[in-house]
Each structure stands twice: as C-alpha cells, then as structure tokens.
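A.B. asks: quick one: sequence and predicted model below, then my questions.
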Amino acid sequence: MLYWLTLLSDGGDFFNLFRYITFRAGGAFMTALIFGFLFGKPLIAVLRRRQGKGQPIRDDGPEGHFVKAGTPTMGGLLIVGALLTSTLLWARLDNPFVWMILFVTISFAAIGFADDYAKVSKQTVAGVSGKVRLLLGFVIAGIAAFWAAQYHPAELQNQLALPVFKDTLINLGYLFIPFSMIVIVGSANAVNLTDGLDGLAIMPVMIAAGALGVIAYAVGRVDFTEYLDVHYVPGTGEILIFTAGLFGGGLGFLWYNAPPAAVFMGDTGSLALGGALGAIAVATKHELVLGIVGGLFVVEAMSVIIQVLYFKRTGKRVFLMAPIHHHYEKKGWAEPQIVIRFWIISLILAMIGLATLKVR
C-alpha cells in the first residue's frame with residue numbers, strides 16, 4: 001500500500017525510498033515485530049479466557065508434556081495477523097505472487113483454526129478429520145499452483161527447475177499442478193508435525209523463509225539471475241517483503257512461545273506458515289530447494305511415515321516415538337537441548353540451500 005507514495009516522489013526525495021524492495025522489506029519486518037509485541041499479551045489473555053483448559057495434551061505423549069496442560073493454543077493468529085498487516089502495508093498490491101501466497105496462508109490458517117477450535121471446544125486431540133483437512137488443502141494448493149503458473153514466464157511454465165544443474169528443465173506438463181499441490185500440502189503438514197515442542201517450529205520456519213526470501217529477491221532481478229545463473233521470474237522480488245513480515249511476526253511470537261511457552265501456535269499457525277513456504281517455493285520455481293532449506297521438516301515428516309509403515313508391516317517401531325523430536329525426548333534429551341540443536345540444523349540446511357544459487 002505504501003508503495004503508492006512513490007507517486008508523490010520527484011525522484012530524489014524521501015518518497016523515492018518506497019520504490020526499493022529492501023527498504024519496504026525492512027518496514028515490513030519492523031511492522032510485524034511491533035505488531036507481535038503490541039498484541040501478543042492481549043491475544044494470549046483472550047485465548048486463555050476463552051479456551052479455559054487450553055490445548056488438550058496427548059495421553060500417549062512424553063510425560064514431560066503434562067505440565068503444559070492449560071496452555072492456550074491458536075497463537076498462530078498473532079503471526080498471521082502480523083504477517084497480513086505488514087504485507088498489505090508494505091508490498092505492491094498489484095503483484096500476483098503476493099496475493100497467491102497470502103491466499104494460501106490465510107486459507108490454511110482457516111483450516112488450522114477450525115481444527116484448533118474443535119480440539120479446545122471438545123477437549124479432544126482429534127479435531128477436524130484428517131481426510132477433510134487434506135482435501136481442503138489440496139483444493140487450495142491446486143488453485144494456488146494454477147495461479148502461479150499463469151504468471152511464470154512462458155519458457156518456465158509447467159517446468160521443474162533443478163538446483164545446481166541450472167541449464168536443465170524437466171517439463172512436467174499437466175503434472176506440474178499435482179506436483180505443486182504436493183509441495184504446498186506436504187510443506188504445510190510437515191511444519192505441523194514439527195510443531196511439538198516450545199519454539200521448535202517457529203525458528204526453522206523463520207530461517208527457511210529468510211532463505212526463500214533471499215532467493216525470491218534474487219530470481220526477481222534480471223541482473224542477479226544473470227550473475228547467479230538462475231532462472232528469471234519477474235515479480236518474485238516482492239515476496240521478500242512477505243518473508244520479512246514473517247520473520248518479524250515470528251520473532252514477536254517467539255517472545256511468548258520460548259520455553260516455557262505462554263501460548264502454542266497451534267494448527268492455525270503451523271499449517272499457515274508451512275503452506276506459505278510451499279507457495280513461495282512454487283512461485284519462485286525452487287520447489288526442490290525447499291526440500292533443502294526446509295530439510296528439518298522433511299525429516300520430521302519422514303520419521304512419521306517410516307514409523308507408521310514399519311509398524312504396520314512388522315508391529316515394531318523404528319523410533320521410540322514419532323515425530324523424531326519425541327524420539328530424542330524419550331532418549332532423555334532436555335526439551336531446550338532438542339530445540340536449539342534443531343535450530344542449528346535448520347540454519348546449516350538453509351545455508352546449503354542458498355549455496356545452490358552460486359554453483360557452476
């Protein structure tokens with residue numbers, strides 16, 4: 001919205017700053033951060049008053065989690081609110097990729113909100129049916145994938161770009177939409193599975209979003225794409241503003257979610273943020289790089305898949321408990337120890353993902 005202040009500029013004054021994506025990204029970060037600090041306590045107070053007993057705790061979960069009973073959930077409303085406000089305020093509102101990513105974020109937040117509401121109102125860990133959540137998620141992802149494809153350059157439409165092998169494109173044809181749907185829905189659910197310890201999910205989401213934001217800015221500038229030897233996707237630079245808002249909103253939320261958490265993000269936040277990461281990857285043609293920068297989420301999801309399949313086949317377990325962060329809890333690792341080590345792993349993977357920008 002504030003971009004339109006450039007209409008008041010003569011080319012050399014303060015209003016000219018609003019032309020620059022980096023300046024507006026900084027504004028989005030600060031706006032989201034301040035939003036989080038301003039509305040965090042009031043939101044938590046409302047959630048605690050409305051939810052009473054808070055998020056139900058699984059009976060079969062780690063024993064240390066029972067002390068968290070009564071902690072309110074739906075804290076993702078704080079992140080999504082900060083993200084939405086900062087993006088609408090600082091991004092160019094004529095950019096189709098910005099609206100596509102916002103559509104995915106808000107839609108998945110709505111699914112997560114319904115699930116959280118069902119859990120706290122009925123005091124059950126079941127929530128909305130998994131099949132219903134997946135169906136709605138795939139519908140949303142299908143719309144987003146088709147949306148993004150319409151604004152990709154003709155030479156990149158329905159193509160899968162490979163990291164490192166930058167001259168290679170795989171023509172997916174009609175499979176591009178289903179593939180992108182899997183990326184978005186898979187990302188949303190992988191982040192959802194990771195959100196099991198205080199502060200565990202939000203920092204890796206911020207790290208992955210930061211890496212994808214840098215990538216989006218790079219592939220949206222023709223001079224950068226020529227130097228880095230990556231595919232040029234006009235308009236993706238504005239996504240940096242979205243990711244800056246996510247980073248600021250995430251920090252504001254982490255202030256209250258740091259152990260011991262005063263609020264959980266719930267499915268409202270985890271599905272929204274995971275879906276957003278997948279949508280950014282599809283928009284920037286970096287779907288495979290998402291698997292690197294978000295590698296922690298891949299490992300968490302795979303640990304659940306492996307556990308379920310192996311148990312059905314043999315009646316035995318590969319991990320003491322899945323997702324894998326619970327496995328380390330069962331092994332005796334302290335919760336802060338798991339969280340911080342997983343943060344470190346996320347940062348390493350994000351740096352590896354960024355390194356694919358300059359590999360010849």
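C.D. replies: Arrived safely, thanks for sending.
A.B. asks: strands of the protein, start to end?
C.D. replies: Counting by DSSP state E, the chain has strands at residues 159-161, 169-171.
A.B. asks: save those strands as a markdown table, and put in mean pLDDT too.
C.D. replies: What follows is the strands of the chain, written out as a markdown table (pLDDT from 0 to 100):
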| stretch | mean pLDDT |
| --- | --- |
| strand 159-161 | 94 |
| strand 169-171 | 94 |
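A.B. asks: those strands: which one's closest to Ile207?
C.D. replies: Evaluated over these, closeness to Ile207 peaks at strand 159-161, with 22.0 Å, by Cβ to Cβ. The C-beta positions use only the backbone N, C-alpha and C, and glycine is treated the same way.
A.B. asks: what sits up against the closest one?
C.D. replies: Leu169, Ile170, Asn171, Leu172, Phe176, Phe179, Val230, His231, Lys285, His286, Glu287, Leu288 (Cβ atoms under 8 Å, 6 or more residues apart in numbering).
A.B. asks: ok, back up a step: if you compare the strands of the chain, which one is most tucked away?
C.D. replies: Stretch with highest mean neighbour count among these: strand 159-161 (a mean of 19; mean count of other Cβ atoms under 10 Å).
A.B. asks: partner strands of it and their direction?
C.D. replies: Strand 159-161 pairs in its sheet with strand 169-171 (antiparallel), by DSSP bridges.
A.B. asks: contacts for the strand it pairs with, please.
C.D. replies: Under the contact criterion Cβ under 8 Å, 6+ apart, strand 169-171 has outside partners Leu156, Asn158, Gln159, Leu160, Ala161, Leu162.
A.B. asks: mean confidence for stretch 287-297?
C.D. replies: For stretch 287-297, mean pLDDT is 97.
A.B. asks: please disregard the earlier target; I meant stretch 253-273.
C.D. replies: Stretch 253-273 shows a mean pLDDT of 93.
A.B. asks: report the two of the contacts of strand 159-161 separated the most.
C.D. replies: Farthest-apart pair in the contacts of strand 159-161 is Phe179 and Val230; separation 19.6 Å (Cβ to Cβ).
A.B. asks: could you pull out the helices for this protein?
C.D. replies: With helices called from DSSP state H, the chain shows them at 21-51, 76-90, 96-122, 130-151, 176-194, 202-219, 222-228, 239-257, 266-284, 287-293, 295-314, 324-330, 335-355.
A.B. asks: looking at the strands of the chain, which is nearest to Ile239?
C.D. replies: Ile239 lies closest to strand 159-161 among the strands of the chain, at 16.1 Å (Cβ to Cβ).
A.B. asks: and the closest one, how far out from the chain's middle?
C.D. replies: Between the centre of strand 159-161 and the centre of its chain there are 22 Å (Cα atoms, centre = their mean, to the nearest Å).
A.B. asks: ok, stretch 300-314 next?
C.D. replies: Offset of stretch 300-314 from its chain centre (Cα atoms, centre = their mean): 24 Å.
A.B. asks: could you do stretch 15-24 as well?
C.D. replies: 25 Å.
A.B. asks: buried residues, it. List them.
C.D. replies: The neighbour-count check on stretch 15-24 (16 or more other Cβ atoms under 10 Å) flags Phe15, Leu17, Phe18, Ile21, Arg24 as buried.
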